[in-house]
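Engineer: No letters, just coordinates:
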């Protein structure tokens with residue numbers, strides 16, 4: 001990116017930013033979980049043959065294939081599992097799993113009654129020759145994917161000790177011509193839901209802890225106001241902050257009781273601590289440059305934010321107990337858009353290096369050099385952590401179009417997670 005376009009981007013950046021569940025026998029207490037934090041870990045090989053419907057005898061049905069395919073893709077999404085292709089064994093449930101090199105097989109049964117479906121899924125340990133986890137779920141056909149995702153997360157927890165992320169949701173901005181609206185999707189992009197219909201510019205969606213509410217900023221009234229919407233409904237939206245100027249991108253405290261907002265009501269964008277209703281409790285920064293993009297530590301004791309008080313956007317750490325501030329980043333032309341992991345003291349952020357925005361990670365509480373996460377020549381922006389702290393979602397900009405990608409925190413397994421017309425940006429993962 002040339003210098004003029006870089007200035008233009010960050011000028012624009014600061015302007016805009018200015019079911020029934022039944023458990024069968026499970027693992028024994030002495031079971032050793034797989035360590036997924038190291039790059040050397042061998043992927044677990046799992047077979048997911050087509051689900052069978054006992055009412056149909058040996059006859060195959062599309063529902064069984066679709067359910068197995070969804071489960072396989074959801075498992076593979078976690079980056080630690082390799083799925084054995086059904087073509088290697090015909091998708092049957094009585095294959096020789098040992099000869100296929102499988103560590104586990106998931107054997108699924110289902111029945112359909114009217115508009116309802118019942119699934120029974122069992123995790124079979126090939127080496128131990130035993131079923132180590134089984135669950136039964138019932139719901140409507142519309143809930144089929146949610147059921148599969150729930151079981152997927154149970155499998156991941158059984159193997160790693162940490163729940164999976166298949167049932168989580170992703171919010172993002174979809175741009176069609178000059179209109180930007182908030183959308184939601186599941187991890188595989190099977191279903192999209194349009195949240196806002198302002199037919200204007202909407203930016204910076206943020207989940208409230210718990211995932212039932214979403215905040216965002218919109219220009220549809222002429223001022224950039226902050227709104228909150230109840231995701232369990234379709235029309236319950238209210239304004240949280242309509243102060244003159246920016247009302248932008250709240251960082252919610254881990255307990256959901258407070259927000260840190262960027263407000264420019266007095267001219268320069270500064271950070272303010274507010275309650276759940278948007279009432280100001282305290283001003284945290286005071287005209288020391290432009291201050292934006294706060295992110296809260298999991299324990300609530302620190303925040304990291306972006307300020308250009310040194311001349312260019314850089315990351316700063318604030319001890320929330322003492323309000324003391326120190327600069328974190330010194331490498332790179334500009335550093336912005338930090339996101340603090342929900343599980344550890346690690347932030348990921350976008351850094352301008354040799355004209356390209358790359359993702360870097362950094363422990364803000366240790367004096368250690370940052371680690372580069374991405375290295376290809378596209379621009380990587382607006383990173384957000386997965387609920388388990390193992391993956392990072394971000395907007396990848398190559399040319400005029402921006403799309404949503406995901407990557408493991410160690411820099412492996414980068415991939416686009418869904419295809420949608422238009423341009424997608426500002427991804428946020430529910431927690």
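Structural biologist: Sure, I can see it. Every value quoted in this text rests on a predicted model; they were computed, and no experiment measured them. Residues are numbered from 1 along each chain as shown.

Engineer: per-residue confidence at residue 114?
Structural biologist: We have a pLDDT of 88 for residue 114.

Engineer: Report the contact partners of the residue lying closest to residue 372 once chain neighbours are set aside.
Structural biologist: Closest residue to residue 372 apart from its sequence neighbours, by C-beta to C-beta, 6 or more residues apart in numbering: residue 360 at 5.5 Å. Bear in mind the C-beta positions are built from the backbone N, C-alpha and C, glycine included. Applying C-beta atoms under 8 Å, 6 or more residues apart in numbering, we find residue 360 in contact with 332, 335, 348, 349, 350, 351, 370, 371, 372, 373.

Engineer: so is residue 360 in a helix, a strand, or just coil?
Structural biologist: Counting by DSSP: H, G, I helix; E, B strand; the rest coil, the backbone at residue 360 sits in strand.

Engineer: partners of it in the sheet?
Structural biologist: Beta-bridge partners recorded for residue 360 (DSSP bridges): residue 349, residue 372.

Engineer: how far away is it from residue 298?
Structural biologist: Going from residue 360 to residue 298 by C-beta to C-beta, to the nearest Å gives 20 Å.

Engineer: got it, and residue 241?
Structural biologist: Residue 241 sits 25 Å away from residue 298, going by C-beta to C-beta.

Engineer: Would you mind telling me which of the two has the busier surroundings?
Structural biologist: For residue 241 and residue 298, the more surrounded residue by other C-beta atoms under 10 Å is residue 241, and the numbers stand at 25 against 15.

Engineer: Look at that one and report its pLDDT.
Structural biologist: We note a pLDDT of 96 for residue 241 in this prediction.

Engineer: Low-confidence stretches in the protein?
Structural biologist: For the chain, applying pLDDT under 70 flags the ranges 1-40, 57-60, 234-235.

Engineer: Looking at strand pairing, list the partners for the most centrally placed residue in it.
Structural biologist: Residue closest to the average C-alpha location in the chain (C-alpha atoms, centre = their mean): residue 429, at 2.7 Å. Beta bridges link residue 429 to residue 170, judged by DSSP bridges.

Engineer: give me every residue that touches it.
Structural biologist: Contacts for residue 429 (C-beta under 8 Å, 6+ apart) come out as 165, 168, 169, 170, 207, 384, 385, 386, 387, 393.

Engineer: Please check these and keep the buried ones.
Structural biologist: With burial judged by 16 or more other C-beta atoms under 10 Å, the buried subset of those is 165, 168, 169, 170, 207, 384, 385, 386, 387, 393.

Engineer: Now do the SS call for the first one.
Structural biologist: When you say that, I think you mean residue 165. Per three-state DSSP, residue 165 ends up coil.

Engineer: Quick check: the gap between residue 324 and residue 129.
Structural biologist: Taking C-beta to C-beta, one finds residue 324 at 59 Å from residue 129.

Engineer: same thing with residue 62?
Structural biologist: Residue 62 sits 31 Å away from residue 129, going by C-beta to C-beta.

Engineer: Please enumerate the strands of the stretch 151-300 of the chain.
Structural biologist: Assigned by DSSP state E, counting those that start in this stretch, the stretch 151-300 of the chain shows strands spanning 170-176, 179-185, 192-194, 202-207, 213-218, 225-230, 237-241, 247-252, 258-263, 270-275, 280-283, 291-296.

Engineer: who does the third one touch, helix- and strand-wise?
Structural biologist: In this structure, strand 192-194 makes packing contacts with strand 179-185, judged by 3 or more C-beta pairs under 8 Å, 6 or more residues apart in numbering; DSSP states H and E.

Engineer: Repeat that for the last one.
Structural biologist: Secondary structure elements in contact with strand 291-296, counted by 3+ C-beta pairs under 8 Å, 6+ apart, are strand 247-252, strand 258-263, strand 270-275, strand 302-307, strand 335-340.

Engineer: of all these, which lies closest to residue 287?
Structural biologist: strand 270-275 (6.6 Å; C-beta to C-beta).

Engineer: Return the list of helices and strands in contact with the closest one.
Structural biologist: On a contact count with 3+ C-beta pairs under 8 Å, 6+ apart, strand 270-275 meets strand 258-263, strand 280-283, strand 291-296.

Engineer: Any chance of a markdown table for those strands, columns mean neighbour count?
Structural biologist: Below are the helices and strands packed on strand 270-275 laid out as a markdown table (neighbours: other C-beta atoms under 10 Å):
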| stretch | mean neighbour count |
| --- | --- |
| strand 258-263 | 25 |
| strand 280-283 | 12 |
| strand 291-296 | 26 |
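
Engineer: So for residue 311, which of those strands sits nearest?
Structural biologist: Among those, the nearest to residue 311 by C-beta to C-beta is strand 291-296 (14.2 Å).

Engineer: Mind listing residues that contact the closest one?
Structural biologist: Strand 291-296 is contacted from outside by 14, 17-18, 248-249, 251-254, 260, 262, 268-271, 284-285, 302-307, 309, 336-340, 347, using C-beta under 8 Å, 6+ apart.

Engineer: Ok, stretch 251-261 next?
Structural biologist: Counting by C-beta under 8 Å, 6+ apart, 206-210, 215, 226, 240-241, 247-250, 271-276, 278, 281, 284, 294-296, 298-300, 303, 305 sit against stretch 251-261.

Engineer: Kindly write the ChimeraX command that selects the buried subset of those residues.
Structural biologist: Those of the contacts of stretch 251-261 that count as buried under 16+ other C-beta under 10 Å are selected in ChimeraX with:
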select :206,207,208,209,215,226,240,241,247,248,249,250,271,272,273,274,278,284,294,295,296,303,305
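
Engineer: and residue 314, what does it touch?
Structural biologist: With C-beta under 8 Å, 6+ apart, residue 314 has these contacts: 306, 307, 308, 327, 328, 329, 330, 334, 335.

Engineer: and it, backbone torsions?
Structural biologist: The phi/psi pair for residue 314 (degrees, to the nearest 10) reads phi -140, psi 160.

Engineer: ok, what's across the strand from it?
Structural biologist: Beta bridges link residue 314 to residue 307 when assigned by DSSP bridges.

Engineer: Could you do residue 318 as well?
Structural biologist: Beta-bridge partners for residue 318, by DSSP bridges, are residue 303, residue 325.

Engineer: burial of it, as a residue count?
Structural biologist: By other C-beta under 10 Å, 20 other residues sit near residue 318.

Engineer: hang on, it packs against residue 282?
Structural biologist: No - taking contacts as C-beta atoms under 8 Å, residue 318 lies outside contact range of residue 282: 11.9 Å.

Engineer: before we move on, back to that, save the helices and strands packed on strand 291-296 as TSV, and put in distance to residue 356 too.
Structural biologist: Formatted as TSV, those follow (distance: least, C-beta to C-beta, whole Å):
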stretch	distance to residue 356
strand 247-252	24
strand 258-263	26
strand 270-275	28
strand 302-307	19
strand 335-340	13
